[in-house]
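Undergrad: Next comes the sequence, and after it the predicted model I'd like to discuss.
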Amino acid sequence: MTPQKPIAKPFSEADLVIDFCRNLTGQHDPWRTKNFATEFQYSRGRTDIVMTDGNGRIIAVEAKLSKWRDALNQAYRNGCFAHKSYVLLPARAAKRAERFMPEFERRSVGLCSVTKDGIVVLIDSAESLPIQPNLTQRAVLLTESVR
């Protein structure tokens, strides 16, 4: 297997989210995303991306250009409604953050990036049952409304 080549550093967090979303529902989508939406608002904050997979599970993604610890805290909070939660960073920043794998694993949060070849999962998120199913349902409805 050849190493993944990082794409050029995104100009903004919004560009990173756009690059990520362009790769959803395609052949390089590790979750086989059925639907997705951006900017899911709830009482604890705003999640950058929410997705539903083919099994109806919610996957939440927090994007940052460099502050992976902030994103890790936000992604951990998303566990209240998501079955899986990830931090999305540009490829170089993700490689640096990957060195702190135990912190991600302790919080059951995954780590991913986007390369020219698609989405790369560096650390998989453990699946869990959301503790606020009403928020889970709101996230599902949001992803379905964006079709």
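TA: Structure received. Note that the coordinates shown come from a computational prediction; the quantities given were computed from them, not determined experimentally.
Undergrad: quick one, strands of this structure?
TA: 33-42, 45-53, 58-63, 84-88, 110-115, 118-123 (DSSP state E).
Undergrad: Now do the third one, average pLDDT.
TA: Which is strand 58-63. For strand 58-63, the mean per-residue pLDDT is 98.
Undergrad: now swap in the last one and tell me
TA: Per-residue pLDDT over strand 118-123 has a mean of 95.
Undergrad: buried stuff in it?
TA: Across strand 118-123, burial judged by 16 or more other C-beta atoms under 10 Å covers G118, I119, V120, L122, I123. Every C-beta, even on glycine, is put in place using the N, C-alpha and C of the backbone.
Undergrad: Ok, the longest one next?
TA: Neighbour-count burial for strand 33-42 flags T33, K34, N35, F36, A37, T38, F40, Y42 (criterion: 16+ other C-beta under 10 Å).
Undergrad: Contact partners for the second one?
TA: For K34, the contacting residues are T25, M51, T52, D53, G54, T143, by C-beta atoms under 8 Å, 6 or more residues apart in numbering.
Undergrad: mind checking which of the strands of the chain is nearest Q137?
TA: strand 58-63 (9.2 Å; C-beta to C-beta).
Undergrad: Take the buried residues of strand 33-42 and write them to a markdown table, including pLDDT.
TA: Shown next, in a markdown table, are these (pLDDT from 0 to 100):
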| residue | pLDDT |
| --- | --- |
| T33 | 94 |
| K34 | 94 |
| N35 | 94 |
| F36 | 96 |
| A37 | 96 |
| T38 | 96 |
| F40 | 96 |
| Y42 | 91 |
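Undergrad: Good, we can wrap up now.
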